[in-house]
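Participant: Pasting the sequence and the predicted model now:
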Amino acid sequence: MKEALTNHQTQTTCWDHPKMTELFQSLADLNNVRFSAYRTAIKIRRLQKALCLDLLELNTTNEVFKQHKLNQNDQLLSVPDVINCLTTTYDGLEQMHKNLVNVPLCVDMCLNWLLNVYDTGRTGKIRVQSLKIGLISLSKGLLEEKYRCITLIFHARILCTSSARKKIRMVWNYYSPGGTNNYILKCKKRKRDKIFSILLYLFLFTKSISGILH
């Protein structure tokens, strides 16, 4: 899926793979689920399984990033670069799950999703950090391990910006029973760091999937 698809009957341009369009329609069908937490969880799970990322071990994502030398989080990746990385990822999954993974289809759909979320301006490029958070967020793994990985990726850049600190502190104040000063700051450092990492993950993950939940 390197370029837009043209519908000759309606004379409109579609940026979505036909299978991705079907997936988005199926996600929309879940809007009648009553509680937002359940609705969001079901949508994320359906997306994860459709992209076969429920088969992707968290450690494997790090190995793929190292193999492709994706060390600079601000580096821009072209569509061919993203395809190369995704192909490596899905080739590995196909070797372990031959009957479950269709490499060309999975690459196309995952690329489609990444571009929809991280390249809304249709520049044909996304940042390394966007690819990382996308794959890590939907990979198979413990949530705490995902918190750790994403915190390591964004710690140096995100926490040094006043706007990010302000947003996280707003969430922090909202969810803390006694407010920041009365509750979280009284926690032991290890517990406080864990809480902060979780809030950071939620803040970043919410941004990464906002394009497919509503």
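Facilitator: In hand now; what should we look at? Predicted model only: the values in this text are computed from it and were never measured.
Participant: where do the strands sit along the protein?
Facilitator: 5-7, 12-14, 76-78, 125-127 (DSSP state E).
Participant: how does the protein divide into domains?
Facilitator: 1-141, 142-214 (automatic domain parsing).
Participant: ranking these by mean pLDDT, which is last?
Facilitator: Mean pLDDT values for the domains of the chain show the minimum at domain 142-214, a mean of 56.
Participant: what about residue 143, neighbour count?
Facilitator: By other CB atoms under 10 Å, the residues close to residue 143 number 9. Every C-beta, even on glycine, is put in place using the N, C-alpha and C of the backbone.
Participant: who are the neighbours in contact with it?
Facilitator: Not one residue lies near residue 143 by CB atoms under 8 Å, 6 or more residues apart in numbering.
Participant: so how far is residue 108 from it?
Facilitator: 28 Å (CB to CB, to the nearest Å).
Participant: With residue 150 instead?
Facilitator: 25 Å.
Participant: Tell me which of the two has more neighbours.
Facilitator: residue 150 (23 against 19).
Participant: Please look at that one and residue 135 and confirm they touch.
Facilitator: No: counting by CB atoms under 8 Å, residue 135 is not a contact partner of residue 150; they are 10.9 Å apart.
Participant: Only the buried residues of stretch 73-91, if you could.
Facilitator: 73, 77, 79, 81-83, 85-86, 89-90 (16 or more other CB atoms under 10 Å).
Participant: and residue 98, how many residues sit next to it?
Facilitator: The tally of other residues near residue 98 (other CB under 10 Å) stands at 8.
Participant: likewise residue 93?
Facilitator: 19.
Participant: That one: what's it in contact with?
Facilitator: Counting by CB under 8 Å, 6+ apart, residue 93 touches 52, 55-56, 100-101, 106.
Participant: ok, 7 Å please
Facilitator: With contact taken as CB atoms under 7 Å, 6 or more residues apart in numbering, residue 93 is in contact with 52, 55-56, 101.
Participant: Closest to residue 131 out of those?
Facilitator: Nearest to residue 131 out of the contacts of residue 93 is residue 56 (CB to CB; 13.0 Å).
Participant: Report the separation between that closest one and residue 48.
Facilitator: For residue 56 relative to residue 48 (CB to CB), the value is 9 Å.
Participant: ok, these two, which is more surrounded?
Facilitator: Taking other CB under 10 Å, residue 56 and residue 48 do not tie; residue 56 has more neighbours (23 against 17).
Participant: For the residue nearest to that one when sequence neighbours are not counted, give me its contacts.
Facilitator: Leaving aside its chain neighbours, residue 56 sits nearest to residue 139 (4.4 Å; criterion: CB to CB, 6 or more residues apart in numbering). Neighbouring residues of residue 139 by CB under 7 Å, 6+ apart: 53, 56-58, 61.
Participant: let's go with 8 Å and repeat that
Facilitator: Residue 139 makes contact with 53, 56-58, 60-61, 146, according to CB under 8 Å, 6+ apart.
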